[in-house]
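Trainee: no sequence for this one, just the structure:
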């Protein structure tokens with residue numbers, strides 16, 4: 001027990017700096033914001049970039065819109081064409097039904113990701129993705145550490 005206490009005291013600064021894990025991610029497309037939530041409170045908020053057609057829900061593949069609704073962040077992808085990526089579980093059953101009723105493919109591979117590999121600006125341009133949600137790489141690192149696969153995400157207009 002005597003050897004455990006000094007070890008804990010050495011680890012305390014690192015433990016105090018650890019970020020709490022988010023239990024939900026909330027995106028507001030209209031204000032270009034992504035919030036990490038814990039127990040209904042905002043832990044931190046990030047500015048995001050979307051696609052060139054940011055308004056309205058995603059209706060079909062190639063419309064360059066970001067989906068709206070409730071999804072899961074279902075897996076992390078470290079070897080992406082972008083600086084880290086976290087997959088959003090789009091399309092859900094409702095998205096599939098809407099797209100099929102119009103005769104379209106709903107699309108897929110919607111991610112939250114950092115900047116294109118080899119590009120790390122201090123400020124990112126607006127509306128440059130194909131419907132994904134983009135963060136600066138430093139912000140992506142924070143998000144990456146703060147969520148686990150299975151974390152819910154709600155995307156509002």
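Mentor: Ah, there it is. Everything numeric here is computed off the predicted structure, so don't read it as measured data.

Trainee: Once you drop chain neighbours, what's closest to residue 63?
Mentor: The spatially closest residue to residue 63, leaving aside those adjacent along the chain, is residue 53, at 6.2 Å (C-beta to C-beta, 6 or more residues apart in numbering). Quick note: C-beta positions are derived from backbone N, CA and C, even for glycine.

Trainee: Number of residues surrounding the one you found?
Mentor: Neighbour count of residue 53, defined by other C-beta atoms under 10 Å: 15.

Trainee: what kind of secondary structure is residue 42 in?
Mentor: With DSSP: H, G, I helix; E, B strand; the rest coil as the basis, residue 42 sits in strand.

Trainee: Relative to residue 139, how far out is it?
Mentor: According to C-beta to C-beta, to the nearest Å, residue 42 stands 15 Å off from residue 139.

Trainee: again with residue 23
Mentor: 19 Å.

Trainee: more neighbours, the two?
Mentor: The neighbour comparison of residue 23 against residue 139 (other C-beta under 10 Å) goes to residue 139, with 19 against 16.

Trainee: In three-state terms, how would that one be classified?
Mentor: helix.

Trainee: Quote the end-to-end distance of stretch 109-117.
Mentor: End-to-end distance of stretch 109-117: 18 Å, with C-alpha to C-alpha, to the nearest Å as the criterion.

Trainee: List the buried residues in it.
Mentor: Neighbour counts over stretch 109-117 (16 or more other C-beta atoms under 10 Å) mark 110-115 as buried.

Trainee: repeat for stretch 73-84
Mentor: 73, 76, 80, 82-84.

Trainee: how long is that stretch from one end to the other?
Mentor: Per C-alpha to C-alpha, the first residue of stretch 73-84 is 13 Å away from its last.

Trainee: quick check, distance from that stretch to the centre of its chain.
Mentor: For stretch 73-84, the separation from the chain centroid amounts to 10 Å (computed by C-alpha atoms, centre = their mean, to the nearest Å).
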